[in-house]
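Visitor: Next one to model:
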Amino acid sequence: MKQYFLSLLALVLLSSCGGSDDPPPSPVGANLVFPLENSECTTGVSINETQSQVTFEWEASSNTDSYTLNAINLDTNVPQTISTAATSASLSIAKGTPYSWSVTSLNSGSDQVAASETWLFYNSGSQTTYAPFPAQLVSPVSGSTVQKSIANEIVLSWSGADVDDDIDNFEIFFSDQNPPTASEGNTGSTVMEFTVSVESNTIYYWKVITTDLEGNASDSGVFEFKVF
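Guide: Purely as a prediction, here's the structure:
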């Protein structure tokens, strides 16, 4: 009987001293440092006529033991990724090409991840002037289903930027056909939304062409959404 009570007491002590049920801390998104947002990156090390090696840098983030660098060629939409425990990483990327980049923070003890902001930059090449960055389509989100207004309208919105800071206009293409070939109109360099008429139970496609004062242009790529 004495042995039974001793065993029971040991079990009680073990359960009272057991590990915490608190979930592991989630990682925090990193603050990006370099290449600078909406800038021309001129510090890359030339590899050949078409490629240079660029070192990306960010600040250490809390509750993080590794990072994934994500860089996307905005001309081809081809991504490049690299994982590291450091706060910098180098990639060989195309010269004279616009890129977006971001960093994902990870913690091996947690299934949660955290994303940084996404910054745009041009990897410098031989040209002295650059096309605008492709417009970043914001709303409606691609693949979403949205509610039209009482007036049977939807507001399209996007963001635009340019290294040379000489955007002239945005041209909006919108249609129920993919790709959209019908131009709905233009906005000035500071207006980044446009209202279109829609019908229920219809899938629509849209894109934005950004043109600068020298005639350089860039294509946002096509987003789609469905109207209730």
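Visitor: so what's the residue positioned nearest the centre of the chain scoring on pLDDT?
Guide: Compute the mean C-alpha point of the chain, and by C-alpha atoms, centre = their mean the closest residue is residue 118, 4.5 Å away. Looking at residue 118, its pLDDT reads 97.
Visitor: Likewise for residue 124?
Guide: For residue 124, the model assigns a pLDDT of 92.
Visitor: Number of residues surrounding it?
Guide: Residue 124: 21 surrounding residues under other C-beta atoms under 10 Å. Just so you know, the C-beta spots here come from the backbone N, C-alpha and C atoms, and that holds for glycine as well.
Visitor: Which residue, neighbours along the chain excluded, lies closest to it?
Guide: residue 42 (4.6 Å; C-beta to C-beta, 6 or more residues apart in numbering).
Visitor: what's the answer for residue 193, then?
Guide: Nearest non-adjacent residue to residue 193, counting by C-beta to C-beta, 6+ apart: residue 157, 4.3 Å away.
Visitor: Can you give the distance of the helix or strand containing the one you found from its chain's centre?
Guide: Following DSSP states H and E, one finds residue 157 within strand 153-159. Averaging C-alpha positions (C-alpha atoms, centre = their mean, to the nearest Å) puts strand 153-159 18 Å from its chain's average.
Visitor: Remind me what that strand packs against, helices and strands.
Guide: The contact analysis (3 or more C-beta pairs under 8 Å, 6 or more residues apart in numbering; DSSP states H and E) places strand 153-159 against strand 136-139, strand 167-175, strand 193-197, strand 202-212.
Visitor: Return the second one as CSV; C-alpha atoms alone will do.
Guide: Taking Å, rounded to 0.1, in the frame of the first residue of the first chain, the C-alpha atoms of strand 167-175 are listed here in CSV:
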residue,chain,number,x,y,z
ILE,A,167,5.0,58.3,-64.8
ASP,A,168,2.7,60.0,-67.3
ASN,A,169,-0.5,57.9,-67.1
PHE,A,170,-2.1,54.5,-66.4
GLU,A,171,-4.3,52.8,-69.0
ILE,A,172,-6.9,50.4,-67.7
PHE,A,173,-8.0,47.3,-69.7
PHE,A,174,-11.1,45.6,-68.5
SER,A,175,-13.3,42.8,-70.1
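Visitor: follow-up on the earlier one: save the helices and strands packed on strand 153-159 as CSV, and put in mean pLDDT too.
Guide: Output for those, formatted as CSV (pLDDT from 0 to 100):
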stretch, mean pLDDT
strand 136-139, 97
strand 167-175, 98
strand 193-197, 98
strand 202-212, 98
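Visitor: And these: which comes nearest residue 95?
Guide: strand 202-212 (19.7 Å; C-beta to C-beta).
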